[in-house]
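1. return atomic coordinates for the entry below.
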Amino acid sequence: MIAIVGPTASGKSALAMRVAERIGGEIVSADSRQVYRGMDIGTAKPTADERARVPHHLIDIADPGERYDVLRFQRDGRAALAAIRGRGRVALVVGGTGLYVRALLDGLDLSALPHDHGLRVELEREDPGALYERLRAIDPDAASRVDPRNVRRVVRYLEVATIAGGPVSRRAGAPRGALRIGLRPPRDLLVAAIERRVRDMVAAGVLDEARVLIARGVDPSLPAMSAHGYVHWAAHLRGEIDLETATLRTARDVRAYSRRQMTWFRKDATIQWYDPTATDPLDAILQAAA
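-> Residues are numbered from 1 along each chain as shown. Below is the predicted model:
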């Protein structure tokens, strides 16, 4: 396997397409929001043309009204990897959701993490800000990897840490030998790319996409709607904020998300990092895959 990781808007998808077309590979998306149907523009899914040129997996496999979690992703991802191997092709795991990447590459036994439904219900009743502060006190490493506004994930981390009586390591199983390539452009260039992407989303019709989701009755509090901007696009459509404010808030959120992505990926010493604005990693990947 080959993994291509890094923050959003760093060029992962474009590089993966070039590699896949050169070696006859298939792409397995490791993006926690591209799994949802009808959320194409706001999650920067590969285009129809790209998906016709290279097989993509784990895209459009859940309804926005569903709660799709990492355990389900791991099962679906392992099935996709097995099918790709069975065809004698190379799998490229591509994405910026760090936990999803590790779920496929590091053999994590996610089913072994403890569950307590009653505790979870109790936690869900509490103030989200207070929950996040408690997580920071109990398991600061977990807190650094989660968006404070992602209440569902904050609750899940707290549930596990509370049952265990402290921080719980997710490092289980030996690495599976995948070549891990990370893209890390200079911060100022990444920020500029993020801001361009957000404005391109508006030009491409992300408001229409959000309007359809709202008309279908998708609750803005669901995990799917925590994807970049949908909450702000929905607020604009309700007349609560103007379009420029929604755009600026979305760009702000994506910038913050990109920092959390790097916090996660920096912990993996096996990733070979490249500044794609200075060095094209294509030849190194092709050589390793030969």
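
2. my guess is Ile241 contacts Trp233. True?
-> No. Look at Ile241 against Trp233 with Cβ atoms under 8 Å: they stay out of range, at 9.8 Å. C-betas here are computed from N, CA, C, even on glycine.

3. between those two, who's got more neighbours?
-> Trp233 (30 against 16; other Cβ atoms under 10 Å).

4. hang on, that one packs against Thr245?
-> No. Counting by Cβ under 8 Å, Trp233 stays clear of Thr245, with 11.1 Å between them.

5. tell me which residue is most central in this structure.
-> Residue closest to the mean C-alpha point of the chain, counted by Cα atoms, centre = their mean, is Thr97 at 3.0 Å.

6. excluding chain neighbours, what is closest to it?
-> Ser32 (4.3 Å; Cβ to Cβ, 6 or more residues apart in numbering).

7. same question, Leu243
-> Nearest residue to Leu243 in three dimensions, chain neighbours excluded: His236, at 5.6 Å (Cβ to Cβ, 6+ apart).

8. tell me the contacts of Arg184?
-> With contact set as Cβ atoms under 8 Å, 6 or more residues apart in numbering, Arg184 has these partners: Gly6, Pro7, Ser10, Met262, Trp273, Tyr274, Asp275.

9. tell me the one of those residues nearest Ala52?
-> For the contacts of Arg184, the residue nearest Ala52 by Cβ to Cβ is Ser10; the value is 24.1 Å.

10. just give me the neighbour total for the closest one.
-> Ser10 has 27 neighbouring residues, counting by other Cβ under 10 Å.

11. now swap in the one 5 residues further on and tell me
-> Leu15: 22 surrounding residues under other Cβ under 10 Å.

12. with Asp253 instead?
-> Asp253: 20 neighbours (other Cβ under 10 Å).

13. try Asp40
-> 19.

14. how about Ala203?
-> Ala203, neighbours per other Cβ under 10 Å, totals 8.

15. use 25 as the first number for this chain going forward.
-> Shifting the count to begin at 25 puts that one at Ala227.

16. pull out the buried residues from the helix or strand where it lies.
-> Ala227 is part of helix 211-228, with elements assigned from DSSP states H and E. Buried positions in helix 211-228, judged by neighbour count with 16 or more other Cβ atoms under 10 Å: Leu214, Val215, Ala217, Ile218, Glu219, Arg221, Val222, Met225, Val226.

17. hang on, isn't the fifth one packed against Ala275?
-> Which is Glu219. Yes. Contact criterion Cβ under 8 Å: Glu219 and Ala275 qualify, at 5.0 Å.

18. about what we covered before: quick one: residues contacting the residue nearest to the centre of the chain.
-> Thr121 makes contacts with Ala54, Asp55, Ser56, as judged by Cβ under 8 Å, 6+ apart.

19. go through these and name the one nearest Ala103.
-> For the contacts of Thr121, the minimum distance to Ala103 (Cβ to Cβ) is 14.3 Å, reached by Ala54.

20. report the beta-bridge partners for the nearest residue to the closest one once chain neighbours are set aside.
-> Excluding the flanking residues, the one nearest Ala54 by Cβ to Cβ, 6+ apart is Gly119, at 3.1 Å. Per DSSP bridges, the residues bridged to Gly119 are Val29.

21. tally of neighbours for the residue nearest to Thr121?
-> Neighbours of Ser56 (other Cβ under 10 Å): 24.

22. distance of it relative to Asp73?
-> To Asp73, Ser56 is 24 Å away according to Cβ to Cβ, to the nearest Å.

23. same check, this time on Gly206
-> Distance from Gly206 to Asp73, counting by Cβ to Cβ: 26 Å.

24. just give the number of residues close to Ala103.
-> Burial of Ala103 is recorded as 12 neighbouring residues (other Cβ under 10 Å).
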